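Peer 1: Turn this into a structure:
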Amino acid sequence: MKVYISADIEGITGTTSWSETELNAPDNHFFQKQMTQEVEAAIEGAVIGGATEILLKDAHDTARNLDISNLPVNCKVIRGWTQEPMCMVAGLDQSFDRVIFIGYHSKGGSSRNPLAHTLSLIADVKINGEYASEFLINTYAAALHGVPVSFVSGDVGLTEEIQSVNENIVTFATKEGVGNATISVSPQLALMETKRLVEHSMKVERESLQVTLPERFVVEIIYRDHTRAYRNSFYPKATFKPHNTVEFETDDYFEVLRILQFLT
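Peer 2: Numbers count the residues shown, from 1 in each chain. Down below sits the predicted model:
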């Protein structure tokens, strides 16, 4: 069984401030270690659940956060950014059986995590009228290749969103955001439950995890800066809307990924 894992940090247990997420920042060391351990727990659970081959994407910021020294021999890792539209799930294709997201977080425009955002800090993203999370964007990217998501860890706001998308996707809530604070579970509990629940998710029927792509996509990228919005509205087939928004419509989800790659 071939498994893809994409790892972020804003949904890792305990992360609360941006300084805790930045490579080489003094506050980052513990959370870089915790991110690595939560990924390792997911790998262990996946292997016990039947994974024979794993591709791991370090998908936060520089994409050079994980300590890869203890990865098993059946796990390959993508560090750095390939600069392609698949972005946080680069290298994912139809050969994979399922996808796992570790340390994901609530969408931009949400109050459920002090670190909530979608892809960048310069804009929020809507798809078909709803604010979109990185979970949704990457779940749709996986669906392009017919690969379902089986497990996601992250904040409570994200796990609630996931239940509304597909209640069969197994989730674990590492923390809950309250204003500019977080209430987190024990880091050790996060490791235990991640391993246990990933193993369980490997046994969930693949078809029940599938998410259906919409037939058409209306993408709105809502910028903090109106001049950036105006400039980016010259992207092919995009239009400028009042209140700092670039709108784009397509029936091809890869085109959604492409515009997000270039404009966020």
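Peer 1: Return the list of strands paired to the longest strand along the chain, each annotated with direction.
Peer 2: Across the chain, the strand with the greatest residue count (assigned by DSSP state E) is strand 170-178. The strands beside strand 170-178 in its sheet (DSSP bridges) come out as strand 149-155 (parallel), strand 181-184 (antiparallel).
Peer 1: Tell me which residues of the longest one come out buried.
Peer 2: Residues 149, 150, 151, 152, 153, 154, 155 are the ones in strand 149-155 that count as buried (16 or more other Cβ atoms under 10 Å). For the C-beta atoms, the positions are set from N, CA and C on the backbone; glycine is no exception.
Peer 1: which stretch among the strands paired with strand 170-178 comes nearest residue 114?
Peer 2: Residue 114 lies closest to strand 181-184 among the strands paired with strand 170-178, at 6.5 Å (Cβ to Cβ).
Peer 1: could I get the closest one in PDB with only the CA atoms?
Peer 2: What follows is strand 181-184, C-alpha atoms only, in PDB (Å, rounded to 0.1, in the frame of the first residue of the first chain):
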ATOM      1  CA  ALA A 181      -4.200  31.600  22.600                       C
ATOM      2  CA  THR A 182      -4.400  27.900  22.300                       C
ATOM      3  CA  ILE A 183      -5.600  25.100  24.500                       C
ATOM      4  CA  SER A 184      -3.500  22.000  23.600                       C
END
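Peer 1: ok so, going back, what residues does the longest strand of the chain touch?
Peer 2: The contact list for strand 170-178, computed with Cβ atoms under 8 Å, 6 or more residues apart in numbering, reads 11-15, 103, 106, 111-114, 116, 150-159, 162-163, 182-185, 190, 193-194, 197-198, 200-201, 204.
Peer 1: Buried ones from these, can you make that a ChimeraX selection?
Peer 2: Only the buried entries of the contacts of strand 170-178 go into this ChimeraX selection, using 16+ other Cβ under 10 Å:
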select :11,12,13,14,15,103,106,112,113,114,116,150,151,152,153,154,155,156,157,158,159,162,182,184,185,190,193,194,197,198,201,204
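Peer 1: From the contacts of strand 170-178, which land in strands?
Peer 2: Mapping those onto strands (DSSP E) picks out 103, 150, 151, 152, 153, 154, 155, 182, 183, 184.
Peer 1: Kindly indicate which of the residues you listed lies nearest residue 96.
Peer 2: residue 150 (10.8 Å).
Peer 1: thinking that closest one is in contact with residue 204, fair?
Peer 2: Yes. Counting by Cβ atoms under 8 Å, residue 150 touches residue 204, with 5.8 Å between them.
Peer 1: any low-confidence regions in the protein?
Peer 2: Nowhere does the chain drop to pLDDT under 70.
Peer 1: From the contact counts, what lies against the longest helix along it?
Peer 2: When the chain is scanned for its longest helix (criterion: DSSP state H), the result is helix 28-48. For helix 28-48, the elements it packs on are strand 2-7, strand 53-58, strand 98-104, strand 149-155, helix 187-201, judged by 3 or more Cβ pairs under 8 Å, 6 or more residues apart in numbering; DSSP states H and E.
Peer 1: export those to TSV and tack on distance to residue 239?
Peer 2: Shown next, in TSV, are the helices and strands packed on helix 28-48 (distance: least, Cβ to Cβ, whole Å):
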stretch	distance to residue 239
strand 2-7	31
strand 53-58	33
strand 98-104	30
strand 149-155	32
helix 187-201	41
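Peer 1: give the contact list for residue 183.
Peer 2: Contacts for residue 183 (Cβ under 8 Å, 6+ apart) come out as 175, 176.
Peer 1: For beta bridges, what are the partners of it?
Peer 2: residue 176.
Peer 1: roughly how far apart are it and residue 174?
Peer 2: Separation of residue 183 from residue 174 (Cβ to Cβ, to the nearest Å): 10 Å.
Peer 1: again, but for residue 149
Peer 2: Taking Cβ to Cβ as the measure, residue 149 falls 17 Å from residue 174.
Peer 1: How about residue 50?
Peer 2: Between residue 50 and residue 174 the computed distance is 25 Å (Cβ to Cβ).
Peer 1: When these two are compared, which one has more neighbours?
Peer 2: residue 174 (29 against 12; other Cβ atoms under 10 Å).
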